[in-house]
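*Asks:* sequence and predicted structure below; questions after.
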Amino acid sequence: MIAENIMKNKKKLLGAMALACLLIACVDNREIEISGMVRNLDGKQIVYFQSVDGMFNSQSFDTLKIHPDSTYTLTLPAEQYKRVRFVLKGNRELGSLITGKRKLVVNLDGAAENGIDVKGGDEKEMEISTILDRLNRDVWNLRARRGDRWSIADDTVATSVIAKLKADALAMDEKMKGVDEDLYKKLKQDVRLQLMLAFQNQLLGVNWKCSEATKQQWLEAWEQMKDFCADDDIDSPFSMAFYDVVAYNAGINYFVKGEQISEIDDKDPDKLSFYDYEHHLNGRSREAAMAQLFLQDEMAERNNPAIIPLAERFRELYPQSAWMPLVDRAVAKNRAFNETKMSDHIHFPDIENVKTFNEVIDRYKGKVVLLDIWATWCGSCRDAFAYVKPLQEYVKQRDDIVLLYLSIDRQKDDAKWRKMAAFYDLAGDHVRIQDAFHDEIYKTFGDERETLYIPRYVIFDKNGKICCSVAASPENLAMLKSQLEEAARVK
């Protein structure tokens, strides 16, 4: 009887312990809730970037869903220290936050100098978030030649630049004090990687205009800076600058130092970067760098076919990675793009022997031509393709209007250009800019400096003359139809 009671009590104890462990696990996996008001967006969207399992994802974002009353509620996976960055899309940074709290009020203002106002968070964490945002802006201002916090923009002496950046890092270390040791390490690494970006910017600028001896001095200083900044540190991926730093380091290895890799003979940048991450990084740094390579391909819509086999290697290395759902999504989009079949209503006229663009237009005498000037690397051009279907339906009803797409891509992107025409199902004729009429296009459709802004829509009448040099976008179909019909009436 006593033994039976002991066994019963033991089972109860084990059950209670299991329940306690389950409750702890649930607490550890709670979500973080961020809510607040938004103001002064001027019709623009807010997007946000967030950390993934303690590693910041700078290469993919989500759009903030805003309610009709200008409020929002954002529910995110909780981490020991969550990092979130808000951006007014196509405009500017609003700000970021680092928090261990589970519930925060964050108001966002598109017109305010400091676009983020956090309530309910730890004061020290919010203070540090503001300091790091300022550092991030200062680095970007240096890269864009809009500011120079460290007085290094015109400094061509590598050791001098390093001294200034290190001094700033040590000064900022003092400002980070007051938080627990684990967060402090993360913050120190963030500072160092931000400053590494500043150093890389100067190295790359000097590289193209200096002597070989000076170049070697900068490369030696770069090795010293890498030791100081330690991009392979376990806390490095927490930094918003991490991926840019490791990507630039790979570029410096293979395109500045000129390191050769026998396994890669085509100089594909993604293959070189992946190789660099696999052989120069470890642990979470390697995992975060590799994962974001795929996300960058997705965000920039590069759709490099080399990505697909690289993703299989990533899966072998990190089958349980928290990044895997994002990587799978990116690779699926890449695969869909590269496996798209060409439809019969997409045509590529042979213009190999054409000497002028007027000769191309002359082929369509008797018809109105809507010329769409674009490029595969142009995000705005790709966005505009979302509105092309109604235009195509309109043109189907007319036998006197032709859709002509002119890509200004280079020869090396010929295959991608053709695939993109198929992927977006751009019914019509497609030509790519040729050396013979390259200057003609930029002089005809560019500004006074011969700078060509795309997407650009131009309408030619039935005589092959430009009758609308800046036509409406397919997004504004009513106006575009009116312009096309007016062109059709020209005798």
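*Replies:* Received the coordinates, thanks.
*Asks:* only C-alpha atoms from now on, for both contacts and neighbour counts.
*Replies:* Noted.
*Asks:* distance of Thr99 relative to Ala78?
*Replies:* 10 Å (Cα to Cα, to the nearest Å).
*Asks:* and for Met240, the neighbour number?
*Replies:* For Met240, the neighbour count with other Cα atoms under 10 Å is 28.
*Asks:* go ahead and confirm it touches Val52.
*Replies:* No: counting by Cα atoms under 8 Å, Met240 does not reach Val52; the two are 11.9 Å apart.
*Asks:* how about Lys355: what's its closest non-neighbour residue?
*Replies:* Ala436 (5.3 Å; Cα to Cα, 6 or more residues apart in numbering).
*Asks:* related to what we said a few turns ago, overlap in contacts, Met240 and Val52.
*Replies:* Overlap of the contact sets of Met240 and Val52 (by Cα atoms under 8 Å, 6 or more residues apart in numbering) is empty.
*Asks:* pLDDT on stretch 81-99, on average?
*Replies:* Mean per-residue pLDDT for stretch 81-99: 94.
*Asks:* which other residues reach it?
*Replies:* Among residues not part of stretch 81-99, those counted as contacts by Cα under 8 Å, 6+ apart are 41, 44-51, 54, 56, 100, 108-110, 114-116, 121-122, 125-126, 129-130, 133, 183.
*Asks:* which parts of that stretch are buried?
*Replies:* For stretch 81-99, the neighbour count (16 or more other Cα atoms under 10 Å) marks 81-88, 93-99 as buried.
*Asks:* that stretch: end-to-end distance?
*Replies:* Using Cα to Cα, the end-to-end distance of stretch 81-99 comes to 5 Å.
*Asks:* kindly report the same for stretch 78-97.
*Replies:* Stretch 78-97 has an end-to-end distance of 14 Å (criterion: Cα to Cα).
*Asks:* wait, doesn't the residue nearest to Lys355 sit right on Glu352?
*Replies:* No: counting by Cα under 8 Å, Ala436 does not reach Glu352; the two are 9.5 Å apart.
*Asks:* OK, contacts around the residue nearest to Lys355?
*Replies:* 354-356.
*Asks:* swap in Ile307?
*Replies:* By Cα under 8 Å, 6+ apart, Ile307 lies in contact with 270-271, 294, 297, 331, 334.
*Asks:* switch the residues you listed over to JSON lines; also include neighbour count and pLDDT.
*Replies:* Output for those, formatted as JSON lines (neighbours: other Cα atoms under 10 Å; pLDDT from 0 to 100):
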{"residue": "Asp270", "neighbour count": "20", "pLDDT": "95"}
{"residue": "Lys271", "neighbour count": "19", "pLDDT": "95"}
{"residue": "Phe294", "neighbour count": "28", "pLDDT": "98"}
{"residue": "Asp297", "neighbour count": "21", "pLDDT": "96"}
{"residue": "Val331", "neighbour count": "24", "pLDDT": "97"}
{"residue": "Asn334", "neighbour count": "22", "pLDDT": "96"}
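*Asks:* dump the residues you listed to JSON lines, plus secondary structure.
*Replies:* Shown next, in JSON lines, are these (DSSP: H, G, I helix; E, B strand; the rest coil):
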{"residue": "Asp270", "secondary structure": "helix"}
{"residue": "Lys271", "secondary structure": "helix"}
{"residue": "Phe294", "secondary structure": "helix"}
{"residue": "Asp297", "secondary structure": "helix"}
{"residue": "Val331", "secondary structure": "helix"}
{"residue": "Asn334", "secondary structure": "helix"}
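*Asks:* quick check, nearest of these to Lys416?
*Replies:* Distance to Lys416 across the contacts of Ile307 (Cα to Cα) is lowest for Asn334, with 11.8 Å.
*Asks:* isn't the closest one right up against Met299?
*Replies:* No: assessed by Cα under 8 Å, Asn334 is found out of contact with Met299, at 10.7 Å.
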